[in-house]
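Enquirer: My questions are about this predicted structure, shown below with the sequence.
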Amino acid sequence: MIFNKQDIRRITKKIAVASLAMIQLVTFVGFGDMIDEEVYELSISRGVTHKRVIQTYENGAQSIYLTIADMGDSALGVDLLYNKKTGFVNRQGLSSLVNQSPGAVAAINGDFFSMAQPSYATGIMVDKGQMISSPSYQNGQMASMMIDSSNNIVFDYLSSGVILNNESTGDSYLSSSINKTSGTFAYPIIMTSEYRQASIGSTSKLKVTEMVVNNGVVQEIRKEKGSVSIPLNGFVLTVSGNKAMELENKFKVGDTVNLKNSAQGAYQDMVTALGGGTMILKNGQTTPITHQIKGKSQRTAIGTTFDNKLVFMVSDGRNGAYSGMDENDVAQFLKTQNIKDAMMLDGGGSSQLIINGSTANQMVAKERNILNGIAIVNKNPRGASAKLEATLETGRTHQIRVHMA
């Protein structure tokens, strides 16, 4: 039987509602034994499969979404999502970030972030080989995902050291981070135009020294001056106090400089990277929890299979029908799905999965403005679908398979 896209969505929704009718009033107090599992499966693009898994237990239910992409398919790639118009200091909803990513098939919210202003990412961000946010200050607690030019995916804990080398004099200067922020700037912070359009600058309450670098050459050293535009091909280093005096002694206008950081030293072919929370799986086994999440709620995680497929996972929660998960629940579930490595991403009100432009999960509030996300993209131009074929299989596991011709 042939259906259009609206028919497929309607069928999926009716089946889901019917299957939940018996569990709406159950209060979750623990998983217990699983009574039933329903799986709805869609092929949403070449090499990309999307599933919704509904598991009913003795004491509650879980609703989980999985998007699985074959990264060995040359048509597929990933895109780090952030505000590429005015800088990621200005957070946006995931739907707005997806609109800036041509060819995005599926996307999820990303790293933990400061909700204060100015906002910043807790962990690493690498886009097209350029580091635009250094790893977390919390070495060994917040994990990172790295993808190389061959789409190989690695999860690891990275250190956050950044060194600025003066190639004209041979001096080196230790910076604390890239594109984060500070109350006092007692330790130097490097900011690029991907983060914000203008530097912090001095104020009546905060006196800083700023060094402007463009195309690897020091253009200006500004002491106790206002903000300045950040060069598109450079950065501004901001610092105060004793480290400001050290900066002024080690650099002058015209010096040639470059940045080195331990993360890119360890992973030299890092094309895309995203920070997260604790790792939860390594080589298919659960790992120690290094970043604790309180309570059960909506959750987002990212992982890989043993054959290098990229996996997005989002769970529902806090909406009456579904109890939600913590990091241990997520780890145990992904282990049953044959996931090799995985880490947690930001969750709760930030958890969101967008499939072909529409939010797939059940959000309990309006879309939250987040700092970053990650998308699976189809790099080939899309043609019109000739037809959609749907087959409903009944039994303990129910599947809707959609084939796009």
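Expert: Nice, thanks for sending it over.
Enquirer: From Val105, how far off is the closest residue in space to Asn308 that isn't next to it in sequence?
Expert: Nearest residue to Asn308, sequence neighbours excluded (C-beta to C-beta, 6 or more residues apart in numbering): Met71, at 5.4 Å. To be clear about C-beta, it is placed using only N, CA and C from the backbone, and glycine gets the same treatment. From Met71 across to Val105, the span is 13 Å (C-beta to C-beta, to the nearest Å).
Enquirer: quick revisit: give me every residue that touches the residue nearest to Asn308.
Expert: Listed by C-beta atoms under 8 Å, 6 or more residues apart in numbering, the contact set of Met71 reads 78, 151, 153, 308-310.
Enquirer: Those, buried ones only, as a ChimeraX selection?
Expert: Only the buried entries of those go into this ChimeraX selection, using 16 or more other C-beta atoms under 10 Å:
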select :78,151,153,309,310
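Enquirer: Can you add secondary structure and pLDDT and give the contacts of Met71 back as CSV?
Expert: Converted to CSV, the contacts of Met71 look like this (DSSP: H, G, I helix; E, B strand; the rest coil; pLDDT from 0 to 100):
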residue, secondary structure, pLDDT
Val78, strand, 97
Asn151, coil, 94
Ile153, strand, 97
Asn308, coil, 92
Lys309, strand, 97
Leu310, strand, 98
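Enquirer: so which of the contacts of Met71 comes closest to Phe88?
Expert: When these are compared for distance to Phe88 (C-beta to C-beta), Val78 wins out at 16.9 Å.
Enquirer: Any idea what that closest one is bridged to?
Expert: Counting by DSSP bridges, Val78 forms beta bridges with Ile376.
Enquirer: Tell me where the stretch 1-150 of the chain has strands.
Expert: 2-3, 34-45, 48-57, 60-70, 76-81, 92-93, 104-109, 125-127, 130-133, 144-148 (DSSP state E, counting those that start in this stretch).
Enquirer: Work out for me the element Asp329 sits within.
Expert: Per DSSP states H and E, Asp329 falls inside helix 327-336.
Enquirer: What lies in contact with whichever helix or strand comes after that helix?
Expert: Counting by DSSP H and E, the element after helix 327-336 in chain order, helix or strand, is strand 339-344. Contacts to strand 339-344, defined as C-beta under 8 Å, 6+ apart, come from residues 143-145, 153-155, 276-284, 291, 293, 299-306, 311, 313, 327, 330-331, 334.
Enquirer: From those residues, which land in strands?
Expert: Using DSSP state E, the members of the contacts of strand 339-344 that fall within strands are 144-145, 153-155, 279-282, 299-305, 311, 313.
Enquirer: Pull out the buried residues from those.
Expert: Buried among the ones in strands among the contacts of strand 339-344 (16+ other C-beta under 10 Å): 144-145, 153, 155, 279-282, 299-305, 311, 313.
Enquirer: If we ignore the residues flanking it in sequence, what's nearest the most centrally placed residue in the chain?
Expert: The centre of the chain sits closest to Gly110, judged by C-alpha atoms, centre = their mean, with a distance of 2.4 Å. Excluding the flanking residues, the one nearest Gly110 by C-beta to C-beta, 6+ apart is Asn372, at 4.0 Å.
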